[in-house]
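Undergrad: Just the structure for this:
(one chain, ligands or ions: 1)
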Amino acid sequence: VTIQWFPGHMAKAIREFEENISLVDIVFELVDARAPYSTLNPEIARISANKPHLYILTKRDLADEKLTRQWLNYFHSQNSAAIAVDAKGKFGVKDILTAINPLLKDKLERELAKGMKPRPIRAIAVGVPNVGKSTVLNRLVKRRAAQVGNRPGVTKGQQWLKADNHLELLDTPGILWPKFQDQLIADKLALTGAIKDSVYHSDDIALFGLEYFVAHYPQALQERYKLTEEDLELPTADLLLLITKNIGMRDDYERASNRIILDMRSKKVGPFTLDTLEDIDNE
Ligand code: G4P
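TA: Next comes the predicted model:
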């Protein structure tokens with residue numbers, strides 16, 4: 001479901017998130033590994049400033065591995081934990097615990113020293129729509145029987161879901177809005193599918209994707225659409241028309257645009273990442 005974000009919705013999402021954050025030890029902020037900066041919610045750092053953070057870079061399988069490593073290093077340099085995952089592949093509670101243990105070890109040990117009972121770490125997952133929150137939750141919490149029921153402090157029928165003896169997650173992930181103040185970020189979100197029923201025309205998104213691949217992943221583009229090196233020097237609109245012909249859609253560039261977008265999203269052209277560390281400096 002694509003959510004249209006209005007100021008009222010944003011205020012409500014912040015209010016809910018603020019209530020929930022007081023219940024947890026750590027925030028799991030999910031970002032798309034193909035656009036870790038553009039899918040970072042602009043407000044969350046402010047709201048959750050004093051809580052430890054685990055950045056979960058989802059869709060690692062679709063992203064440029066070299067840039068994923070750079071982004072992981074960046075988040076680590078911000079004193080946060082960070083892991084990159086294919087949420088539909090091999091990934092589980094152990095990976096999470098290994099990543100967050102260094103951040104929470106001292107707090108849990110202090111509690112034990114004070115005579116408090118050992119307890120599971122509590123977390124909430126947050127992120128922009130379509131980033132993979134449900135997939136990650138379902139992967140960590142395998143059975144409905146894993147629900148541990150209501151506890152004091154958990155309102156509105158919210159429940160803690162048990163991942164294992166050491167980790168519990170709030171059952172409703174926080175859904176936050178993406179950055180949308182800037183056209184470039186909007187194009188990136190549209191290409192990755194973070195804005196699904198976008199208000200943008202598919203040919204605009206396809207042109208954006210083609211331009212990006214020509215600049216960053218030219219070989220992948222050549223191979224997928226049977227292009228020569230010279231073809232890549234064409235103005236992007238002409239390149240789109242050429243690809244439309246090459247994939248047998250004659251002059252239906254609208255349909256071809258949709259195909260190209262789907263090809264890119266499903267890694268049929270190749271893995272890619274749209275955000276680099278320079279994007280942070282540029283803001
Ligand atoms: P949300 O709760 O944050 O809104 O996201 P959700 O888990 O529903 O995931 C959105 C889409 O992203 C789903 O695809 C899901 O399968 C896919 N996805 C999530 N994590 C990963 C990942 O690490 N790698 C890949 N390749 N895909 C991921 P969908 O097309 O909407 O549904 P489906 O047919 O794939 O289930």
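Undergrad: what stretches of the protein score poorly on pLDDT?
TA: Across the chain, the ranges flagged by pLDDT under 70 are 1-3, 142-157, 196-198.
Undergrad: Where does the record place the domain boundaries for it?
TA: 7-175, 201-282 (automatic domain parsing).
Undergrad: Looking at those, which is nearest to the ligand?
TA: Ranking these by distance to the ligand, with Cβ to the nearest ligand atom as the measure, places domain 7-175 first at 3.2 Å. All C-beta atoms are positioned from the backbone trio N, CA, C, and that covers glycine.
Undergrad: rewinding a little: take the domains of the chain and lay them out in a markdown table including distance to residue 187.
TA: Listed next are those as a markdown table, based on distance: least, Cβ to Cβ, whole Å:
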| stretch | distance to residue 187 |
| --- | --- |
| domain 7-175 | 9 |
| domain 201-282 | 4 |
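Undergrad: Out of those domains, the one nearest residue 183 is which?
TA: Nearest of these to residue 183, taken as Cβ to Cβ: domain 201-282 at 9.5 Å.
Undergrad: Wondering if the closest one reaches the ligand at all.
TA: No - contact of domain 201-282 with the ligand (Cβ under 6 Å from any ligand atom) is absent, the minimum separation being 7.6 Å.
Undergrad: want to throw the domains of the chain into a markdown table with mean neighbour count?
TA: Output for these, formatted as a markdown table (neighbours: other Cβ atoms under 10 Å):
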| stretch | mean neighbour count |
| --- | --- |
| domain 7-175 | 17 |
| domain 201-282 | 17 |
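Undergrad: quick one, which of these is nearest to residue 186?
TA: domain 7-175 (8.7 Å).
Undergrad: Need the distance between the two termini of that closest one.
TA: 14 Å (Cα to Cα, to the nearest Å).
Undergrad: What is the distance between that domain and the centre of its chain?
TA: Offset of domain 7-175 from its chain centre (Cα atoms, centre = their mean, to the nearest Å): 12 Å.
Undergrad: Say whether the ligand is contacted by that domain.
TA: Yes - Domain 7-175 lies within reach of the ligand by Cβ under 6 Å from any ligand atom, at 58-59, 61-62, 85-88, 127, 129-135.
Undergrad: Take those residues and keep only those in helices.
TA: 133-135 (DSSP state H).
Undergrad: Contacts for stretch 276-283, please.
TA: 37-38, 67, 70-71, 74 (Cβ atoms under 8 Å, 6 or more residues apart in numbering).
Undergrad: Is residue 122 in a helix, a strand, or coil?
TA: strand (DSSP: H, G, I helix; E, B strand; the rest coil).
Undergrad: Distance of it relative to residue 179?
TA: Distance from residue 122 to residue 179, counting by Cβ to Cβ, to the nearest Å: 28 Å.
Undergrad: any idea where the strands of this protein begin and end?
TA: Along the chain, counting by DSSP state E, strands occupy 26-32, 53-58, 81-84, 121-127, 160-164, 167-170, 174-175.
Undergrad: Check which helices and strands the shortest one is in contact with.
TA: By that I understand strand 174-175. Packing contacts for strand 174-175, counted by 3 or more Cβ pairs under 8 Å, 6 or more residues apart in numbering; DSSP states H and E, involve helix 7-21, strand 121-127.
Undergrad: Now with 10 Å, please.
TA: For strand 174-175, the packing partners by 3 or more Cβ pairs under 10 Å, 6 or more residues apart in numbering; DSSP states H and E come out as helix 7-21, strand 26-32, strand 121-127.
Undergrad: of those, which approaches residue 175 most closely?
TA: helix 7-21 (6.5 Å).
Undergrad: Hey, what's the angle from the closest one to strand 121-127? Just curious.
TA: Helix 7-21 and strand 121-127 are oriented at 160 degrees to each other (axes from the mean of the first three to the mean of the last three Cα atoms, to 10 degrees).
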